[in-house]
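**Q** what follows is a predicted structure for the sequence shown.
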Amino acid sequence: MDKIVVTGNGPLSGSIPIAGAKNACLTLMPATLLSEEPLTLTNAPRLSDIQTMTALLGSLGAEVSSLQDGQVLAMSSHDLNNHTADYEIVRKMRASILVLGPMLA
């Protein structure tokens with residue numbers, strides 16, 4: 001197995017860019033329903049499933065704004081006003097079931 005050995009006494013710092021993953025983003029988006037504070041997801045992939053989840057959350061009353069060419073999603077769920085998911089949106093994507101947990105919480 002490959003590994004990196006770091007020697008020295010100084011602290012490590014920096015950042016590593018990670019490509020956006022559809023499945024990670026699709027699980028994080030419904031999780032934002034659990035917070036009343038605005039949240040931001042960065043490096044979101046520009047895919048139809050992400051757009052569908054955005055529409056689903058929007059239909060529940062969440063505010064989802066697409067920034068920086070769609071790769072940054074600003075989300076706020078403090079004002080949910082609908083607890084029924086629109087079937088026409090839900091039927092388009094299996095990941096729609098991920099909204100169920102936060103809605104029941």
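**A** Nice, thanks for sending it over.
**Q** all helices of the chain, in order?
**A** Using DSSP state H, the helices assigned to the chain run over residues 22-31, 48-59, 87-90, 100-104.
**Q** CSV for these, including mean pLDDT and distance to Thr40?
**A** Bear in mind the C-beta positions are built from the backbone N, C-alpha and C, glycine included. What follows is the helices of the chain, written out as CSV (pLDDT from 0 to 100; distance: least, Cβ to Cβ, whole Å):
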stretch, mean pLDDT, distance to Thr40
helix 22-31, 91, 11
helix 48-59, 93, 14
helix 87-90, 93, 23
helix 100-104, 90, 18
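**Q** closest one to Ser13 among those?
**A** Of all the helices of the chain, helix 22-31 sits nearest to Ser13, with 23.9 Å by Cβ to Cβ.
**Q** tell me which residues are up against the closest one.
**A** 41, 44-45, 47, 49-50, 53-54, 57, 64, 73, 75, 95, 98-99, 101-102 (Cβ atoms under 8 Å, 6 or more residues apart in numbering).
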